[in-house]
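K.L.:
Return a 3D structure for these sequence lines:
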Amino acid sequence: MNVHEPADDVRVPRAQTGSSPQHLLATVLGEYLDSSDADLPSTAVIAILGEFGVSESSARAALSRLIKRGLIATRGNGRPPVYHLTPQAIAKHRSRMQHFLNFGADPPRWTGEWVMASFSIPSSGQASRHAVRKTLSALSFVGLYDSVWIRPGSDAAPVQEALSELLHHVGGARWSVMHVRFDEESGPHGPASAYDLTTLASAYSNFIEQYAELRVAARNGKVDPAGALVARTSAMDSWRKFADIDPDLPQHLLPQPWPRQQARATFLDIHSALGPLAQARLVQVATPHWPGAASWITHFQASSDASRPEPTGGRHGSPPLAG
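P.N.:
Just a heads-up that it's a prediction; the model follows:
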């Protein structure tokens, strides 16, 4: 079957399921636009989001929210408005793409070190307690006990800074950050018991099952460009969550067999095979509103150098990140 013909029996996951138009727009721009010099007309943004079933009013609202977040800025005072990604957004997108595409590539080098954070907050500081727990979760810590949180590794600076900022003004609050080792890492009272690895393994297995058919279709050239854009975005949107929720524990603490590598291979097969088709579809959709689209639209692909996933295609992408 020609790659430009859709396969009738291929069910393409819809990318907007569970995703707001704002989140979807940030994902698409992060994947396919890699220069703050590109002038992006609002009409092109509306057309692009239309591929995902987003209405014009929702697309405009998404643009406004990304402007407020500092990811997009207006250029000039023309009508219709013209936008561009800010340099800060480009740097953030490239860093995140590096994180998503490299996640799970190599097992972490394990030294046996953990960072432990403990805190005591008076009963009147319920809001501060909630803020601390939320911040610790964002820093990939997990609660070993009620006020004792841990994460693998040795970098304690981010949590020291965060706890100081959150609690220095809270009367009666105390906190400590320590480097520790566990005598029985995998025992019932060791750090592995703090993680819900069963649920995480199930999520990986569900990902593999959800995208199995698309993986085969992508390998065999049975996805058309319109389907490729939506499906590739869906796969990225699903995979990126693992890079944020998986604690990346050493192998000896994981139940076996551990499905992450199979899930990663599924994602990379889809992401790599559908990249050129998705880029072509974006160019096709945007060009009537943005004649220079083909010069700017690109797509990221995993690189043989794990530290440097690079954009490809287009003619005006930014230089690769330094390794």
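
K.L.:
All the strands of the stretch 1-150 of the chain, in order from the start?
P.N.:
40-41, 72-74, 82-85, 114-120, 142-145, 148-152 (DSSP state E, counting those that start in this stretch).

K.L.:
out of those, deepest packed?
P.N.:
strand 40-41 (a mean of 22; mean count of other C-beta atoms under 10 Å). To be clear about C-beta, it is placed using only N, CA and C from the backbone, and glycine gets the same treatment.

K.L.:
Mind giving me the packing neighbours of that one?
P.N.:
strand 82-85 (3 or more C-beta pairs under 8 Å, 6 or more residues apart in numbering; DSSP states H and E).

K.L.:
Parallel or antiparallel, list what pairs with the strand it packs on.
P.N.:
According to DSSP bridges, strand 82-85 forms sheet pairs with strand 40-41 (antiparallel), strand 72-74 (antiparallel).

K.L.:
mean confidence score for the shortest one?
P.N.:
For strand 40-41, mean pLDDT is 92.

K.L.:
going forward can the numbers begin at 715, since that is how I track them
P.N.:
Fine by me, first position is 715 from now on; the one you just mentioned is strand 754-755.

K.L.:
contact partners of that strand?
P.N.:
Residues from elsewhere that reach strand 754-755, judged by C-beta atoms under 8 Å, 6 or more residues apart in numbering: L747, P794, P795, V796, Y797, H798, L799, H1003, W1004.

K.L.:
ok so, going back, now the strands of the stretch 715-864 of the chain as JSON lines including distance to S890?
P.N.:
Formatted as JSON lines, those follow (distance: least, C-beta to C-beta, whole Å):
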{"stretch": "strand 754-755", "distance to S890": "48"}
{"stretch": "strand 786-788", "distance to S890": "42"}
{"stretch": "strand 796-799", "distance to S890": "41"}
{"stretch": "strand 828-834", "distance to S890": "5"}
{"stretch": "strand 856-859", "distance to S890": "14"}
{"stretch": "strand 862-866", "distance to S890": "10"}
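
K.L.:
re the thing from before, what's the closest of the strands paired with strand 796-799 to L943?
P.N.:
Minimum separation from L943 across those (C-beta to C-beta) falls at strand 754-755, 16.6 Å.

K.L.:
Need the phi and psi values for the spatially most distant residue from the centre of the chain.
P.N.:
The C-alpha centroid of the chain is most remote from G886, which lies 37.9 Å away (C-alpha atoms, centre = their mean). Main-chain torsions, G886, degrees, to the nearest 10: phi 80, psi 0.

K.L.:
ok, it - contacts?
P.N.:
I835, P836, G839.

K.L.:
try it again with 6 Å
P.N.:
P836 (C-beta atoms under 6 Å, 6 or more residues apart in numbering).

K.L.:
roughly how far apart are it and F1014?
P.N.:
49 Å (C-beta to C-beta, to the nearest Å).

K.L.:
And the one residue sitting closest to the centre of the chain, which helix or strand is it part of?
P.N.:
With distances taken as C-alpha atoms, centre = their mean, the residue of the chain nearest its centroid is R954 (3.6 Å). Here R954 sits within helix 939-959, counting by DSSP states H and E.

K.L.:
helices or strands next to the following helix or strand past that helix in the packing?
P.N.:
Sequence-wise, the next helix or strand downstream of helix 939-959 (DSSP H and E) is helix 974-1000. Packing partners of helix 974-1000 (3 or more C-beta pairs under 6 Å, 6 or more residues apart in numbering; DSSP states H and E): helix 756-764, helix 911-933, helix 939-959, helix 1007-1010, strand 1013-1015.
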